[in-house]
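Enquirer: quick one, what's the 3D model for this:
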Amino acid sequence: MQTLSKAIKNHSWITFGIKISLFLIITWVFYYQFISADLNFEVISELNIISGIIAVLFMPLNWFCEYKKWKVTVNTVSDNIESKNIHNAFLAGIVSGMLTPNMLGNFVGRIFYFNRKYRVDLIILTTLSNFSQFVWSIVFGLIGIAIINFETQKEFIWISLLIIVFLIAFFFFFDRYLMFIPYFKKWVKRFTEFNLSRALKMQFLFWSCFRHLVFSVQFMFVLNFFNQEISFTLMFWIWQVYFWVTLSPSLFLGKIVIRESISVWVLSAAGLNPTIVVLSSLSIWILNLFIPTILSLIFCKPPIGSSL
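Expert: Got it, this is the predicted structure:
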């Protein structure tokens, strides 16, 4: 008993050390990104405080959508799980996701709160959940590109429509088609254990769609905070930003630097000032990734035992 207590205590110190290390790394990256940006603050004549407050309020709504997808994932594996393990696993997923492109590594932090025999199932279902978010990033991005270029490149509308239909159809029926490919066959068989109904897939798509709309509107309010005018056209440009950010390669930290570069490239074409775009993109990164990661490092408790 004393040995177990000592092991738990040592594990807590190791976890604390990892938390502090990650905190320092993330803080340093943010500081470096901020001071290295060539910002001209003279273009900011005034700030819209109300829009700034609204943008902040969208942060918990954004992560609520992701949490709902995580709940669907866990409940599909088992309906007898302690809430504290679900919460801690979700927080750990925020941290591990921060260190990978597009939050794809969120399953790494989550699976250690559950028994080993369930981890493959959780990884597969989390991947499906992440793919549902990818689908909407591409769909809304193509819609934005098609609308912005409607007058000059009408043929692109048909190409976009075909890609959208293919993506959504693939999401619903991939487990049928991949069964014919030997490499994927053994993985797809795991899905059949969960009886992946259309209703389940619809839940993933619904919350992913809602989440995409949430952080798209949030981005628009952040731009309005820096005195940029809100419009439907601006929303179409924002969708293009997330489209290219989703497709762009990166290693870790929520695609910081890459995200800002793409935002400037896309939104400058819409006539927005590059300095305001960089500040807005950094603000989004702080609200949706930096702050949630720091809070997760503070409140997340290490896994002790398993809940399944």
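Enquirer: now the closest residue in space to Trp244 that isn't next to it in sequence. Its backbone dihedrals?
Expert: What sits nearest to Trp244 in space, not counting adjacent residues and going by Cβ to Cβ, 6 or more residues apart in numbering, is Ile262, at 4.9 Å. Just so you know, the C-beta spots here come from the backbone N, C-alpha and C atoms, and that holds for glycine as well. Main-chain dihedrals, Ile262, degrees, to the nearest 10: phi -70, psi -40.
Enquirer: I figured Ile262 hits Thr246, correct?
Expert: No - counting by Cβ atoms under 8 Å, Thr246 is not a contact partner of Ile262; they are 9.9 Å apart.
Enquirer: helices of the stretch 151-300 of the chain, start to end?
Expert: If you assign secondary structure with DSSP state H, counting those that start in this stretch, the helices in the stretch 151-300 of the chain sit at 155-177, 182-192, 198-225, 232-247, 258-269, 274-285, 291-299.
Enquirer: next, the angle helix 274-285 makes with the last one.
Expert: Angle of helix 291-299 versus helix 274-285, following axes from the mean of the first three to the mean of the last three Cα atoms, to 10 degrees, is 30 degrees.
Enquirer: what mean pLDDT does helix 291-299 have?
Expert: If you average the pLDDT over helix 291-299, you get 87.
Enquirer: please save the CA atoms from that helix in PDB.
Expert: Below are the C-alpha coordinates for helix 291-299, written out as PDB (Å, rounded to 0.1, in the frame of the first residue of the first chain):
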ATOM      1  CA  ILE A 291      -6.300  29.900 -22.800                       C
ATOM      2  CA  PRO A 292      -8.100  26.500 -22.900                       C
ATOM      3  CA  THR A 293      -4.700  24.700 -22.900                       C
ATOM      4  CA  ILE A 294      -3.500  26.600 -19.900                       C
ATOM      5  CA  LEU A 295      -6.700  26.000 -18.000                       C
ATOM      6  CA  SER A 296      -6.500  22.300 -18.900                       C
ATOM      7  CA  LEU A 297      -3.000  22.100 -17.600                       C
ATOM      8  CA  ILE A 298      -4.200  23.600 -14.300                       C
ATOM      9  CA  PHE A 299      -7.400  21.600 -13.800                       C
END
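Enquirer: mind listing what's buried along that helix?
Expert: 292-294, 296-297 (16 or more other Cβ atoms under 10 Å).
Enquirer: I'd like to know which elements that helix is packed against.
Expert: Packing partners of helix 291-299 (3 or more Cβ pairs under 8 Å, 6 or more residues apart in numbering; DSSP states H and E): helix 2-36, helix 49-77, helix 83-98.
Enquirer: which helices and strands does the very next helix or strand once past the shortest one pack with?
Expert: With elements assigned by DSSP states H and E, the helix or strand that comes after helix 83-98 is helix 106-111. Packed against helix 106-111, as judged by 3+ Cβ pairs under 8 Å, 6+ apart, are the following elements: helix 83-98, helix 116-148.
Enquirer: ok, now which ones touch the residue lying closest to Ser263 once chain neighbours are set aside?
Expert: Leaving aside its chain neighbours, Ser263 sits nearest to Ser281 (4.2 Å; criterion: Cβ to Cβ, 6+ apart). Ser281 sits next to 259-260, 263-264 when contact means Cβ atoms under 8 Å, 6 or more residues apart in numbering.
Enquirer: mind putting those in JSON lines, distance to Met59 included?
Expert: Compiled in JSON lines, the contacts of Ser281 are given as follows (distance: Cβ to Cβ, whole Å):
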{"residue": "Arg259", "distance to Met59": "16"}
{"residue": "Glu260", "distance to Met59": "19"}
{"residue": "Ser263", "distance to Met59": "18"}
{"residue": "Val264", "distance to Met59": "23"}
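Enquirer: mind picking the one among those residues that's closest to Gln228?
Expert: Among the contacts of Ser281, Ser263 lies closest to Gln228 (Cβ to Cβ), at 12.4 Å.
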